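[1] Coordinates only, no sequence provided:
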């Protein structure tokens, strides 16, 4: 409940309470056992948007043990139209770096071989980011690299006799 109190104080007078609000979040975000509280704190840090807050959110993207927290961060980044300051972390996640995480909701996804619980939300975020205009060239390259890393190369079954499409003879 202390987070709710700090949030209300901050909302009442942002200038006066910003430092205390951030300090409280920084000290508690990685210690809270309930995932939804960590999710709300990350959302608050994204709204603040300064360098230290962005650093903490990037750490949560890499290290939070709950998939839903990381998914909601990706959702918030998309909603707030943010790419550049988070692309390094997202690239690392697409390469399989960061601590393992697992979902807590009942709606578990079917995972294809080689995928993690974050593969789908990462791919969706990256597809969205790829469509953005005016991205730095370095950012665009990292998006492409991250998408490539998330592409699952599954062996394609070879069709048996009479089970596939034949190329048309151009003289027909």
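    Structure's in. What do you need? Remember, it's a predicted structure, so these values are computed and weren't measured experimentally.

[2] Centre-most residue in the protein?
    Computing the C-alpha centroid of the chain and ranking residues by Cα atoms, centre = their mean puts residue 74 first, at 3.6 Å.

[3] mind checking how far that one is from residue 93?
    Per Cβ to Cβ, to the nearest Å, residue 74 is found 9 Å from residue 93. Any C-beta I mention is one placed from the backbone N, CA and C, and that applies to glycine too.

[4] who touches both of those two?
    Shared contacts of residue 74 and residue 93, defined by Cβ atoms under 8 Å, 6 or more residues apart in numbering, comprise 61, 122.

[5] if we can go back for a sec, got the contact list for the residue nearest to the residue nearest to the centre of the chain when sequence neighbours are not counted?
    Residue nearest to residue 74 in three dimensions, not counting chain neighbours: residue 125, with 4.6 Å by Cβ to Cβ, 6 or more residues apart in numbering. Contacts for residue 125 (Cβ under 8 Å, 6+ apart) come out as 74, 77-78, 90.

[6] Tabulate those residues in TSV, adding columns for distance to residue 66.
    Formatted as TSV, those follow (distance: Cβ to Cβ, whole Å):
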residue	distance to residue 66
74	13
77	17
78	19
90	17
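
[7] element containing the residue nearest to residue 74?
    For residue 125, the host element (DSSP states H and E) is helix 119-130.

[8] Please apply the same query to residue 5.
    Assigned by DSSP H and E, residue 5 belongs to helix 2-12.

[9] Give me the contact list for that helix.
    Identification of contacts with helix 2-12 by Cβ under 8 Å, 6+ apart yields 17-18, 20-21, 24-25, 28, 37, 40-41, 44.

[10] Give the buried residues for it.
    By 16 or more other Cβ atoms under 10 Å, the buried positions in helix 2-12 come out as 3, 6-7, 9-10.

[11] Relative to residue 65, which of the residues you listed is nearest.
    Nearest to residue 65 among the buried residues of helix 2-12: residue 3, at 18.8 Å, using Cβ to Cβ.

[12] thinking again about what came up before, pull out the buried positions in the following helix or strand past the helix holding residue 5.
    Heading C-terminal from helix 2-12, the first helix or strand you meet, by DSSP H and E, is helix 14-28. By neighbour count, with 16+ other Cβ under 10 Å as the criterion, the buried positions of helix 14-28 are 17, 21-22, 24-25.

[13] what is the orientation angle of the helix or strand of the chain with the lowest mean pLDDT with helix 14-28?
    For the chain, using mean pLDDT, DSSP states H and E, the weakest element among its helices and strands is helix 2-12, scoring a mean of 91. Orientation of helix 2-12 against helix 14-28 (axes from the mean of the first three to the mean of the last three Cα atoms, to 10 degrees) gives an angle of 160 degrees.

[14] Many thanks, I have nothing further to ask.
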